[in-house]
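Peer 1: give me a 3D structure for the following:
(2 chains)
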Amino acid sequence: MNAKRTDKLATGLLYTLAGIVVLILVFLLGYIILRGLPQLNWRFLTTPSRAFTAGGGIGIQLFNSLYLLILTMMISMPIALGASIYLNEYAKPGKITNTVRTMIEILSSLPSVVVGLFGFLLFVVQFGLSFSILSGALALTVFNLPLLTRSIEDALKSISNDQRNGGLALGLSKWETVTKIILPAAVPSIVSGLILSAGRVFGEAAALIYTAGQSAPALNFADWNPFNIDSPLNPMRPAETLAVHIWKINSEGIMPDSSAVSAGSAAVLIIVVLIFNLLARWLGRLLFKRLTSGS
Amino acid sequence: MDKIRESLLKPSRTSKLERRGKLISLVSLSSICLVVIAIFIFIAFRGLATFTSDHVSLVDFVTGTVWNPDVEVNGQPLVGALPMITGSFLITILATALALPFAIGTALMMTDITPKMGTKILQPVLELLVGIPSVVYGFVGLTVVVPFIRDVFGGSGFGILAGTFVLFVMVLPTVTSMTVDALRSVPKNYRSASLALGATRWQTIYKVVLRAATPGILTAIVFGMARAFGEALAVQMVVGNAALMPSSLVAPASTLTSVLTTGIGNTVLGTVQNDALWSLALILLLMSLTFNLVIHFIAKRGELKQ
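Peer 2: Predicted coordinates:
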């Protein structure tokens, strides 16, 4: 076989391989959306689930997922911001900084089930928070921190040093330069990173099974006092999220319409993640246009 | 006079702010490091209890093939973790091996064959695949892959093969995007030089680009393996959850993560049954650490060559 024919064959093979990858995604999305969409209606999205009879919804799970996401972001955002500012602006290159970076890398590569088990030991058992939204949010924070830190650090790194020198030349302190000049310039990419990590947090289940729990007690949506036990805002109640719900009804197999409910829930998860993805691109671009003179 | 002297000698408002800001950011960074240390201490403490307070021998634990912590033989609980260790490694290696050709093919399309189509179609495809939550993969595995295997190979359909197929799709985007990075870091003049010598595009790719990118591709493989090894729910949903030595690829089996997700909730903290599970978690943690070390090692070797 001559070289030219091999070249053509190999090119064909590469096209096929890439085509199969595209087909896999099309099949996955098509399958989930086509199976899930018929399940989706207002009643399914708002009513509580039923364990033993058909016809339950995912209202509480959906609310839990969103509430947990907001709490997680509120806890992890300031820590990740502080850590990445120190890493990018203050830390001097050397052994200690390298060790710290390696530790963050190790944390980001830890299996999420290990993070969940650690959350169980520390937050649920040691701190006595029991299975609660707060435990779940703390575990998700551990899971989210390394990724968020890295994406914010990348955002800070992409701001040119001229900006820093400019700030210092104006007589601003380093901290003022960072907070008044560098951070605003980095906002577009920080927001994109934030939304992308929100998508990951929204779909995470393994870290939550033993921290936020696997039960969704009834909520009274008229009671918004966070100290009442059936208030949706109470952070100390156990809270099964949408992703955990899918896993649970499939591995227990008591619910008669579990495959329909999980198809619907999977479609909701995918749609939310898709929205997050698009939002990250669009908002990042929009903010970039608004905040800088670049277009 | 004193007022001016005082204002000059005392730290200004800005310098106080500076110090406070630096302190706050240092505290956040240290808290992340503390968490990492705490994870290792907590899991190691629980995981070692099997060997220290329950007196199970480490060799029996790693080489034993019977996992039945409720039964005691000669005063020793039957905690042989080999079935789970085998299951985890088998699924990891098979899934990564299956994903590798697809990952390299897709990456080559994006860097060398049709970069335009790559950024327009393949890049978004990979981003979407990464974004799909693992339970959704598990659900699709349960409703599509498992029945398919049942129809083709017989049996229940649950097992290593089903887990392999599900993990194959899950590690594919990770391995591909890292392979793309590796291929992009090969200098352009390597390609130009090879083409100028009369090599075809495929000869250039095969003899020059892929070889120059080998350390990067190896890193991509190890990253993919690390992800596959630690994936819990998607695998647990399709692997069958039978803590037996896998006799065939289509027989129900189990992995470290699948036993952990199902077991921790059914045992009481501090009992032998529970301690044994924490030892599995410790193995998981150590493996994740090992993958990290391997990646560092490859990176260092790659640097030396250049």
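
Peer 1: from here on, contacts and neighbour counts on C-alpha atoms
Peer 2: Will do.

Peer 1: buried sites along stretch B:183-192?
Peer 2: By neighbour count on 16 or more other CA atoms under 10 Å in any protein chain shown, the buried set for stretch B:183-192 is B:Leu183, B:Arg184, B:Val186, B:Arg191.

Peer 1: what of stretch A:95-102?
Peer 2: A:Val100, A:Arg101, A:Thr102.

Peer 1: how many neighbouring residues does B:Thr63 have?
Peer 2: 14 (other CA atoms under 10 Å in any protein chain shown).

Peer 1: pLDDT wise, what is B:Gln306 at?
Peer 2: At B:Gln306 the predicted local confidence, pLDDT, stands at 51.

Peer 1: picking up where we left off before, out of the buried residues of stretch B:183-192, which are inside strands?
Peer 2: For these, not one is inside strands, with DSSP state E as the criterion.

Peer 1: out of the buried residues of stretch A:95-102, which one sits closest to chain B?
Peer 2: For the buried residues of stretch A:95-102, the closest approach to chain B (CA to the nearest CA) belongs to A:Val100, at 6.7 Å.

Peer 1: please name the nearest non-neighbouring residue to that closest one.
Peer 2: B:Cys33 (6.7 Å; CA to CA, 6 or more residues apart in numbering or on different chains).

Peer 1: so B:Leu195 is in contact with B:Ile205, correct?
Peer 2: No: applying CA atoms under 8 Å, one finds B:Leu195 not in contact with B:Ile205, separated by 10.0 Å.

Peer 1: so for those two, which residue has more residues nearby?
Peer 2: More neighbours sit around B:Ile205 than around the other of B:Leu195 and B:Ile205, counting by other CA under 10 Å; the figures are 21 against 16.

Peer 1: and the more buried one, helix, strand or coil?
Peer 2: When classified by DSSP: H, G, I helix; E, B strand; the rest coil, B:Ile205 comes out as helix.

Peer 1: so who does it touch?
Peer 2: Remark: with contacts taken as CA atoms under 8 Å, 6 or more residues apart in numbering or on different chains, B:Ile205 is in contact with B:Arg191.

Peer 1: from A:Gln39, how far out is it?
Peer 2: 48 Å (CA to CA, to the nearest Å).

Peer 1: and if you look at B:Glu18?
Peer 2: Counting by CA to CA, the gap from B:Glu18 to A:Gln39 is 55 Å.

Peer 1: higher neighbour count, these two?
Peer 2: Using other CA under 10 Å as the criterion, B:Glu18 and A:Gln39 rank with A:Gln39 on top: 20 against 17.

Peer 1: phi, psi of that one?
Peer 2: A:Gln39 has phi and psi values of phi -80, psi -20 when expressed as degrees, to the nearest 10.

Peer 1: tell me the spacing between it and A:Phe27.
Peer 2: Taking CA to CA as the measure, A:Gln39 and A:Phe27 are separated by 19 Å.

Peer 1: could you do A:Ser265 as well?
Peer 2: For A:Ser265, the distance to A:Phe27 under the criterion CA to CA works out to 18 Å.

Peer 1: tell me which of these two has more neighbours.
Peer 2: Comparing A:Ser265 with A:Phe27 by neighbour count (other CA under 10 Å), the higher total belongs to A:Ser265, at 28 against 12.

Peer 1: in contact with that one, which residues?
Peer 2: With contacts defined as CA under 8 Å, 6+ apart, A:Ser265 is in contact with A:Gly36, A:Ile58, A:Leu242, A:Ala243, A:Ile246.

Peer 1: now these as CSV including secondary structure and pLDDT?
Peer 2: Output for these, formatted as CSV (DSSP: H, G, I helix; E, B strand; the rest coil; pLDDT from 0 to 100):
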residue, secondary structure, pLDDT
A:Gly36, helix, 89
A:Ile58, coil, 86
A:Leu242, helix, 91
A:Ala243, helix, 92
A:Ile246, helix, 90
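
Peer 1: just send the residues you listed back as JSON lines, with neighbour count and distance to A:Gly171 too.
Peer 2: Output for the contacts of A:Ser265, formatted as JSON lines (neighbours: other CA atoms under 10 Å in any protein chain shown; distance: CA to CA, whole Å):
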{"residue": "A:Gly36", "neighbour count": "21", "distance to A:Gly171": "59"}
{"residue": "A:Ile58", "neighbour count": "25", "distance to A:Gly171": "56"}
{"residue": "A:Leu242", "neighbour count": "28", "distance to A:Gly171": "51"}
{"residue": "A:Ala243", "neighbour count": "27", "distance to A:Gly171": "51"}
{"residue": "A:Ile246", "neighbour count": "25", "distance to A:Gly171": "56"}
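
Peer 1: filter the residues you listed down to the ones near chain B?
Peer 2: Residues of the contacts of A:Ser265 in contact with chain B (CA under 8 Å from any CA of the partner chain): A:Ala243, A:Ile246.

Peer 1: what's the closest of the contacts of A:Ser265 to B:Ile37?
Peer 2: B:Ile37 lies nearest to A:Ala243 out of the contacts of A:Ser265, by CA to CA, at 28.6 Å.

Peer 1: I'd say that closest one and B:Tyr137 touch.
Peer 2: No: with contacts counted by CA under 8 Å, A:Ala243 stays clear of B:Tyr137, the gap being 11.1 Å.

Peer 1: where along the stretch 51-200 of chain B do the strands fall?
Peer 2: Counting by DSSP state E, counting those that start in this stretch, the segments of the stretch 51-200 of chain B that form strands are B:67-73, B:76-79.
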